[in-house]
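Chemist: okay, here's the prediction I keep looking at, along with the sequence it came from:
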Amino acid sequence: MSTVHDGLPPQQRLPAIIAISLAVGMATLDSAIVNTALPTLASGIGTDSASVIWVVNAYQLAMVATILPFASLGEVLGHRRVYLGGLLLFIVSSLFCGLAWSLPTLAIARVVQGLGAAAVMSVNTALLRYIHPANRLGRGLGFNALVVGVSFTLGPTLASAILSFTTWHWLFLINVPLGLMAFGLGVRSLPVIERATHGFDRIAAVLCAGLFAFMVLGLGTAVHGAQAALTLTELLIALVCGVSLVRRQIDHPAPMLAFDLFRRPLFALSSATAICSFSTQGLAFVALPFMLQNELGHSQVATGFLMTPWPAVVALMALVAGRLSDKVSPGLLGAIGLLALSAGMATLATLGSEATAFEIGWRMALCGAGFGFFQSPNLKALMTSAPPERSGGASGIVATSRLLGQTIGASLVALCFHLATSNGPQAALWLGCAFAFVGSLASGLRVLQVGGGFR
């Protein structure tokens with residue numbers, strides 16, 4: 001197969017899009033499904049509610065630690081190889097998750113599954129850049145965001161449906177036939193992209209994994225009131241890994257942490273905007289269930305329905321914004337979207353105890369519209385501000401910004417609950433409002449024309 005420069009031919013493009021969509025949808029669904037089913041998993045494998053959280057943490061930690069190393073490996077070995085290898089690992093580990101008989105075996109299988117998901121997500125956006133023609137990239141990224149939004153929306157419903165008909169094992173086993181279908185399509189249709197001439201730095205990969213793994217662990221232990229010595233040790237290890245990584249790769253032609261790309265103002269601002277927006281999302285999605293259930297008196301099922309407008313509208317708006325981003329400045333679209341998200345968070349924070357379902361629903365929809373209006377244009381800005389040969393590094397930063405933002409948001413919710421016990425959810429929502437507003441300002445800066453560095 002020849003190297004692709006401006007998109008695949010139409011007959012090859014559709015199966016490639018389906019292959020990407022299936023894999024990304026599975027990785028998204030896997031988080032949403034497992035989060036919803038944690039109580040059932042705890043009773044099914046004979047563990048307590050606190051310990052079963054490791055089924056989620058193991059997956060997320062493996063992903064955040066290895067996304068950038070896999071993105072770098074994609075530039076060296078080829079994005080297609082890393083994607084298909086990660087997808088195969090995801091399929092096999094999903095089988096072992098479904099066959100697990102205890103918490104340790106399930107947690108280990110989830111770590112491996114997280115590695116597979118990291119490989120897929122690390123090069124996903126890079127492949128999309130070569131699948132779609134340049135003048136249709138925005139709508140292509142919009143469709144990808146639609147898949148993520150729909151998967152996230154359907155996750156709780158699908159989990160409930162699976163558990164009502166069969167055992168928890170099928171929460172994972174369902175990935176096997178879907179994954180094999182995606183793998184078969186991917187082998188035949190995914191583009192072959194020119195590889196980088198430099199080698200893969202294994203020591204840098206270990207340092208990068210240590211940086212993000214211990215950073216996330218340190219944030220988690222800090223906000224949960226762990227011993228100060230443990231928190232400081234974890235953050236110190238993260239700092240040592242980070243400094244060592246910078247010193248080792250400062251002159252590297254394609255550094256794993258993408259220092260070269262962050263020298264580009266558009267890329268740096270787009271990444272900062274992404275972290276702000278996903279921090280807002282993390283703050284909202286963790287704080288809102290507590291507010292809706294504990295303060296407004298809604299059931300767990302009702303809470304799920306009341307929150308559905310957010311991801312549902314994100315999915316719909318992603319297509320609109322994706323098309324617009326092919327014609328309008330991503331900086332302007334992102335600024336408008338995040339300003340709407342900030343306003344939506346403020347309206348949620350001021351909800352009264354007698355709020356009706358409609359009053360909650362339109363606020364959720366406003367947040368979803370704002371987030372969806374931002375997401376696709378920002379993805380396009382991140383990818384197109386990097387040169388084609390650095391698509392892997394840019395794709396890795398896209399995924400890392402999302403995971404890091406969501407992790408920061410969830411950690412800050414715990415901190416808000418600790419500092420403001422009586423109105424912790426409201427404090428978290430106001431903090432999310434501030435994050436979105438700062439993100440809107442950062443996005444607006446991209447509209448400025450400064451020496452050709454912005455657009």
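Modeler: Cool, got the structure. Numbers count the residues shown, from 1 in each chain.

Chemist: every contact and neighbour count from this point should use C-alpha atoms.
Modeler: Noted.

Chemist: tell me which stretches of the stretch 51-200 of the chain form helices.
Modeler: Using DSSP state H, counting those that start in this stretch, the helices of the stretch 51-200 of the chain run over residues 54-77, 79-99, 103-131, 137-165, 170-173, 175-189.

Chemist: rank the ones you listed by mean pLDDT and give me the bottom one.
Modeler: Set side by side, the helices of the stretch 51-200 of the chain differ in mean pLDDT, and helix 137-165 is lowest with a mean of 76.

Chemist: could I get the buried residue list for it?
Modeler: By neighbour count with 16 or more other C-alpha atoms under 10 Å, helix 137-165 contains the buried residues 137-159, 162.

Chemist: so the residue nearest to the spatial centre of the chain is in which element?
Modeler: Centroid check for the chain by C-alpha atoms, centre = their mean gives R402 as the closest residue, at 4.1 Å. R402 is located in helix 391-419, with elements delineated by DSSP states H and E.

Chemist: any regions of the stretch 301-450 of the chain where pLDDT drops low?
Modeler: 301, 420-421, 449-450 (pLDDT under 70).

Chemist: contacting residues around A274?
Modeler: The contact partners of A274, taken as C-alpha atoms under 8 Å, 6 or more residues apart in numbering, are N378, V398, S401, R402, G405, G439.

Chemist: check what pLDDT it gets.
Modeler: pLDDT, A274: 89.

Chemist: from V398, how far out is it?
Modeler: Noted for A274: a distance of 8 Å to V398, by C-alpha to C-alpha, to the nearest Å.

Chemist: coming back round to it: what secondary structure does the closest residue to the residue nearest to the centre of the chain other than its chain neighbours sit in?
Modeler: Residue nearest to R402 in three dimensions, not counting chain neighbours: F278, with 5.7 Å by C-alpha to C-alpha, 6 or more residues apart in numbering. Three-state call for F278 (DSSP: H, G, I helix; E, B strand; the rest coil): helix.

Chemist: roughly how far does F278 sit from L173?
Modeler: Per C-alpha to C-alpha, F278 is found 29 Å from L173.

Chemist: can you check S277 too?
Modeler: 33 Å.

Chemist: repeat for I162
Modeler: In this view, I162 and L173 are 11 Å apart by C-alpha to C-alpha.

Chemist: so how many other residues sit close to T28?
Modeler: By other C-alpha atoms under 10 Å, 21 other residues sit near T28.

Chemist: grab the nearest non-local neighbour of A182.
Modeler: A19 (4.4 Å).

Chemist: mind checking pLDDT for that neighbour?
Modeler: The model's pLDDT for A19 equals 92.

Chemist: same question for the one 3 residues further on.
Modeler: As summarised for this prediction, L22 has a pLDDT of 91.

Chemist: in this structure it contacts A182, no?
Modeler: Yes - in this structure, L22 is within contact of A182 by C-alpha atoms under 8 Å, at 5.9 Å.

Chemist: in contact with A434, which residues?
Modeler: Neighbour list for A434: S342 [criterion: C-alpha under 8 Å, 6+ apart].

Chemist: in which helix or strand does it reside?
Modeler: helix 424-445.

Chemist: how many neighbours does A229 have?
Modeler: 8.

Chemist: over to I408?
Modeler: By the criterion of other C-alpha under 10 Å, I408 has 20 neighbours.

Chemist: circling back: who's more crowded, F278 and L173?
Modeler: F278 (26 against 19).

Chemist: verify the stated contact: the more buried one with Q406.
Modeler: Yes - counting by C-alpha under 8 Å, Q406 is a contact partner of F278 at 5.2 Å.

Chemist: what's the closest non-adjacent residue to the most far-flung residue of the chain relative to its centre?
Modeler: Ranked by distance from the centre of the chain (C-alpha atoms, centre = their mean), the top residue is E354, with 33.8 Å. The shortest distance from E354 to any non-neighbouring residue, by C-alpha to C-alpha, 6+ apart, is to L296 (7.4 Å).

Chemist: just T273 next, same as before
Modeler: G439 (4.6 Å).

Chemist: got a list of what that neighbour touches?
Modeler: When contacts are counted by C-alpha under 8 Å, 6+ apart, G439 is found next to A272, T273, A274, C276, S277, A335, L338.

Chemist: make a markdown table from these and add distance to L217 and secondary structure to it.
Modeler: Converted to a markdown table, those look like this (distance: C-alpha to C-alpha, whole Å; DSSP: H, G, I helix; E, B strand; the rest coil):
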| residue | distance to L217 | secondary structure |
| --- | --- | --- |
| A272 | 21 | helix |
| T273 | 23 | helix |
| A274 | 21 | helix |
| C276 | 20 | helix |
| S277 | 22 | helix |
| A335 | 32 | helix |
| L338 | 29 | helix |
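
Chemist: can I get these in JSON lines with distance to G322?
Modeler: What follows is the contacts of G439, written out as JSON lines (distance: C-alpha to C-alpha, whole Å):
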{"residue": "A272", "distance to G322": "20"}
{"residue": "T273", "distance to G322": "17"}
{"residue": "A274", "distance to G322": "16"}
{"residue": "C276", "distance to G322": "20"}
{"residue": "S277", "distance to G322": "17"}
{"residue": "A335", "distance to G322": "15"}
{"residue": "L338", "distance to G322": "15"}
